[in-house]
Structure formats: structure tokens, C-alpha cells
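Student: Generate a structure from the sequence data that follows.
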Amino acid sequence: ATSLIMMVGMLALMYFMLIRPENKRKKKEEEMRAALKAGDSITTIGASAFLRCSALRSVRLPSEIRIIDEFTFSECTALTEVSIPEGVTKVGLGAFSGCKKLTAVNIPASVVLLDSSAFSGCTVLKDLTIPEGVQCIGHSTFYECKALESIEIPGTVTFIGNNAFDHCTKLKEVTLPEGLESIGYMAFQYCSALESIEIPRTVASIEQSTFFGCTNLKEVTLHEGLQAIRYEAFFNCKNLESVTIPSTVTNMGSMTFYGCSAMTEIRFCGDAPEIGSSAFGKVTATAYYPANHETWTEDVRKNYGGTLTWVAYEYVEPPFMDVPADSFYMEPLLWAVEQGITNGIDDTHFGPNESCNRAQVVTFLWRAAGCPVPAVTEHPFVDVEQGSFYEQAVLWALENGITTGIDGTHFGPGILCNRAAVVTFLHRSMNAPAPGTTNPFTDVPMNSWYAPGVLWAVENSITNGLAPDLFGPDATCNRAQVVTFLYRAYNI
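Tutor: Next up, the predicted model:
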């Protein structure tokens, strides 16, 4: 009797857990099919619709599609290329996972969510652009996409999930946007080709093992605003040479930089963070700490692991919150502020990445020269407003042959300044000293109007160009670059 009761119970359980749900699903399918009429649009491709269709080589999706559901094309091992139509908003869980011959995917701007494991195991996927509009990259979305070489995360993305790019072993370049809020644990684990990474100011925490085993990582940029670096975040990044810990970091987990054997310099900018065990285990380096921060006691310093030589230094607080203490333009900016050349775009921001226009550049030059009062009081430019912040600078520049405007009656104050114009203005403001004749750049013709300024700037180490043979004359100059050029020119 007991066995019969148990058997009946098992049959009832199977009915309610398996048979009844399947019958309901089939009934729903039949009702949907019965309701279909000629001309109806398909807006969703259902879960597992083409799961393991191993002979499927290409897919053309209708323009009405809005959702590609979970595992829709998972393990379609012959599929080579997919173009997702505009209008699709979600690529579901595991939608293309295990498509081992998929080389290229076109993701439209309408997509908001790339769900977890959407392209995991697409081992030859190489051609991929994530468009503006995507907000979330889920867990393991690109796990083991071993052919990916570069990826630019758009500014609309606020969340990158756990293991999102784990084991993308050829991924060499990654650009993370300001506005990104969360990077999950192990997100870039074993990205062994990755050479550099900049963590946006909007990221508060680098989670557990985020860059674990990124053995070719040489440069890491961390910004003020970062609060925590978790357990094994940069474990065994054995080519990482130095790191600057922002003053806002209050917690560093165990073995954070364990095994970073090439590291020679560690620089702390604030109070001693709460530290886990062996944070710098197997690291031999000089560690600099701010002398004016009393939390750096001898007992505290002993807890950091490794073989560290501790050196106190006088830490200078950056004048603006968007200027990292270790930025290449920190010293030039301090000089520019002291000389009254710039006060930033507001009280707390310098705007280092904002492009400089012609009005701003001649004003910087004029202020660097000591704000001389021009002898001329009139100019021919109809676009230079009387009483504007740059009017005196324009008169001075015109008087000294630094610029004659973009034509006889226009100065072009709002036109962005490129590198050619900036070094030319700077060269002329220094009375145009004769440069040498050696020209290393293939993109600077010797007969061009800007060649004398470029050759002079390179000769005096004001700039070395964008590459050994490229100056980039048409590239726009930002505020950080302009103050750096000025600083170098005035400290030759």
C-alpha cells in the first residue's frame, strides 16, 4: 500500500511539474497559430526556436522583430554572420551562445539590453560594434569570444556584468565610458592581451578578480571617485609597472595586486586604505605615501605585503576634481592656474578633454604673455564681440602677427583649433624662431603654412606628435594639451 501511494504521488508530481505545463504551452501555441492571419507580423523569436540547428549558416530576420529570446540560435555551430534589424530592443539570454563559426554581428542602435551569455562561446567573433543606445551588457555576454581584439563601450552603458569579457584572450584595447557605474567581478579576467585600461570616474568599485590574469596589462589609470578595489582585482598582472591609488579609495581587498612582479612604483594620494592580506604580495617596489596624512603609521605600512620601500612625499591636491593627480598635464595645469592663464570651466572642473576654440587659444597665449595692452584698438572682424573675454587677446594677436583671422573680416572665435593652428600660434607668439630642417612627419609637408611651427615644437620637445612619423595636424586640441604645450614652451 505504501508503494502504491508513493507511485501515485510521483505520478501526480510529474503531472503538475511536467505534463500539465507542457500541455498548457501546447494549447497556447495552438491558440496563437489559430489566431494568425496572412500578413501578421512576427515581433518575437521564441526561446530555443533554432537551438542546435547545426546546419544553419545564415539568418535574415524580418524588420518587425523586436525581441530575440533566450537561446534562440544557441549552438547553431555553422552560423557565420548575423545582421540584427533596427527595432530589436533585446538580445536574450544565450541567444547566440556557442555559435562557434560566427565571425560578425551587426547590432542596431535600437538594442538596449545584451543579455547574459548572449554571445558567449562565439570563439571566432571578431567584427563587433556596440552602438550608442545599449544600456546593459549582461553576465558572461562575450565570455570566451577569443577573437575579439578591441571593444569600445558606448556612453549609454551603465552596467557590465560578471565575466562579461572573461577569457577574451586577444582583446587588446578596451574603452570604458564616463557614466559607467558598475563593472562586475571577473569581467575582464584572463584578457591576456589587454595592455591598458582607464577606469571612469563614475565607477565606485573594482570588483573581485575583474582583471585577474591580465598578464600583458602595463598601464592602469584610476580616478578620484573610486572607493574600493576588491579581492584579487589585478592578481598576477605581471607586466603592470606602476599604479596610483586615488585619495577616495578607502578599501583594498586581499591580494589586490598580488604577483604584479614588474611593478616598481606605487603612489597613494590619500589616507591609508583599509587593507586585506598580501595586497601587494610578491611585489618589490617603492611605495609613496602623502606625508601630511597621519594614517600612514609604520604599523599600517607593514600590512601591505610584498617588499615595499616606503617614501613620504608632499602631496599636492589637484585644483579641479576632474584632474587626476598623476595626469600628464597636472604640473602644466598648476603652472597655468598660478600664472592666471586659466581658472577652469567652473570652480571645480578644468574640462581637460574639452576642445579649445580659437578664442580660447589666443586668450591663453595672451595671458601667458602677461596680458599686454595692445596698441591697436580696432580690428576688422565682424564676429568678435565688443567687450568679450577674448577681444583684447585678438587685438594683441593681430598686432603681433600671430593670426590674421580666417579671412579679411572674420576671426572665427568658435572654430575649434587643431594641432597645426595651436603650434603655429605658439611659435609666432615666441617671435617665430627659425626651426631646424629635420622633418620626421609624413603628414607635414615642408611647404605647408604650419611646418615651421611643427618643426620648432618638436625640436624643443613641446610635442612629439601622435606617432613617430605622424603629427596629426588636423586633430583637434583639447584644454589639457594646450596648457601642456604652453607650459613646455615657456619652460624651454
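Student: Tell me how far the closest residue to residue 282 other than its chain neighbours lies from residue 186.
Tutor: Excluding the flanking residues, the one nearest residue 282 by C-beta to C-beta, 6 or more residues apart in numbering is residue 259, at 5.0 Å. (Glycine included, C-beta is placed from N, CA and C.) Distance, residue 259 to residue 186, using C-beta to C-beta, to the nearest Å: 16 Å.
Student: Also residue 380?
Tutor: 63 Å.
Student: quick one, which of those two is more surrounded?
Tutor: Higher neighbour count among residue 380 and residue 186: residue 186, with 26 against 13, using other C-beta atoms under 10 Å.
Student: Touching, the more buried one and residue 162? I think so.
Tutor: Yes. Assessed by C-beta atoms under 8 Å, residue 186 is found in contact with residue 162 at 5.9 Å.
Student: who touches both of those two?
Tutor: Shared contacts of residue 186 and residue 162 (C-beta atoms under 8 Å, 6 or more residues apart in numbering): residue 207.
Student: quick one, helices of the stretch 151-300 of the chain?
Tutor: Using DSSP state H, counting those that start in this stretch, the helices of the stretch 151-300 of the chain run over residues 298-301.
Student: mind listing the strands for it?
Tutor: Per DSSP state E, counting those that start in this stretch, the stretch 151-300 of the chain carries strands over the ranges 159-160, 173-175, 182-183, 196-198, 205-206, 219-221, 228-229, 242-245, 251-252, 265-268, 274-275, 284-290.
Student: which phi and psi does residue 59 have?
Tutor: Main-chain torsions, residue 59, degrees, to the nearest 10: phi -140, psi 130.
Student: count of neighbours near it?
Tutor: The number of residues packed near residue 59 is 19, by other C-beta under 10 Å.
Student: The closest residue to it other than its chain neighbours is in what secondary structure piece?
Tutor: Sequence neighbours aside, residue 82 is the residue nearest to residue 59 in space, at 5.5 Å (criterion: C-beta to C-beta, 6+ apart). Per DSSP states H and E: residue 82 is located in strand 81-83.
Student: so what strands line up beside that strand?
Tutor: If you go by DSSP bridges, strand 81-83 pairs up with strand 58-60 (parallel), strand 104-106 (parallel).
Student: Adding mean pLDDT and distance to residue 292 as columns, could you present those strands in a markdown table?
Tutor: Shown next, in a markdown table, are the strands paired with strand 81-83 (pLDDT from 0 to 100; distance: least, C-beta to C-beta, whole Å):
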| stretch | mean pLDDT | distance to residue 292 |
| --- | --- | --- |
| strand 58-60 | 87 | 63 |
| strand 104-106 | 90 | 53 |
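Student: Quick check: which of those strands is buried the most?
Tutor: Greatest average neighbour count among the strands paired with strand 81-83 goes to strand 104-106 (a mean of 16), per mean count of other C-beta atoms under 10 Å.
Student: What's the first helix or strand after that one?
Tutor: Scanning forward in sequence from strand 104-106 by DSSP H and E, the next helix or strand is strand 113-114.
Student: Parallel or antiparallel, which strands does whichever helix or strand comes after that following strand pair with?
Tutor: Sequence-wise, the next helix or strand downstream of strand 113-114 (DSSP H and E) is strand 127-129. When sheet partners are counted by DSSP bridges, strand 127-129 sits next to strand 104-106 (parallel).
Student: just to revisit the earlier point, so the residue nearest to residue 59 sits right up against residue 96, yeah?
Tutor: Yes. Residue 82 is within contact range of residue 96, at 6.8 Å (criterion: C-beta under 8 Å).
Student: which residues are common contacts for these two?
Tutor: Taking C-beta under 8 Å, 6+ apart as the contact rule, residue 82 and residue 96 both touch 73, 102, 105.
Student: what sits against the second one?
Tutor: By that I understand residue 102. The neighbours of residue 102, taking C-beta under 8 Å, 6+ apart as the test, are 79, 80, 81, 82, 96, 119, 122, 124, 125.
Student: same thing but 6 Å
Tutor: The contact partners of residue 102, by C-beta atoms under 6 Å, 6 or more residues apart in numbering, come to 79, 122, 125.
Student: Flag the shaky bits of the stretch 351-492 of the chain, pLDDT-wise.
Tutor: Scanning the stretch 351-492 of the chain for pLDDT under 70 picks out no residues.
Student: Kindly recompute the last result at 90.
Tutor: Within the stretch 351-492 of the chain, the segments meeting pLDDT under 90 span 376-378, 404, 435-438, 464-468, 491-492.
Student: Which of the strands of the stretch 151-300 of the chain sits closest to residue 486?
Tutor: Closest approach to residue 486 among the strands of the stretch 151-300 of the chain (C-beta to C-beta): strand 219-221, 23.5 Å.
Student: what lines up beside that closest one in the sheet?
Tutor: Using DSSP bridges, the strands paired with strand 219-221 in its sheet are strand 196-198 (parallel).
Student: Please compute how far the partner strand lies from its chain's middle.
Tutor: 7 Å (C-alpha atoms, centre = their mean, to the nearest Å).
Student: List of residues touching it?
Tutor: Where contact means C-beta under 6 Å, 6+ apart, the residues beyond strand 196-198 that reach it are 219, 220, 221.
Student: Would you mind listing which of those are buried?
Tutor: Buried members of the contacts of strand 196-198, counted by 16 or more other C-beta atoms under 10 Å: residue 220.
Student: now the contacts of strand 196-198 as JSON lines including pLDDT and distance to residue 323?
Tutor: Compiled in JSON lines, these are given as follows (pLDDT from 0 to 100; distance: C-beta to C-beta, whole Å):
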{"residue": "219", "pLDDT": "94", "distance to residue 323": "18"}
{"residue": "220", "pLDDT": "95", "distance to residue 323": "18"}
{"residue": "221", "pLDDT": "91", "distance to residue 323": "13"}
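Student: Mind putting the contacts of strand 196-198 into a markdown table with distance to residue 131?
Tutor: A markdown table is the format used below for the contacts of strand 196-198 (distance: C-beta to C-beta, whole Å):
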| residue | distance to residue 131 |
| --- | --- |
| 219 | 27 |
| 220 | 27 |
| 221 | 25 |
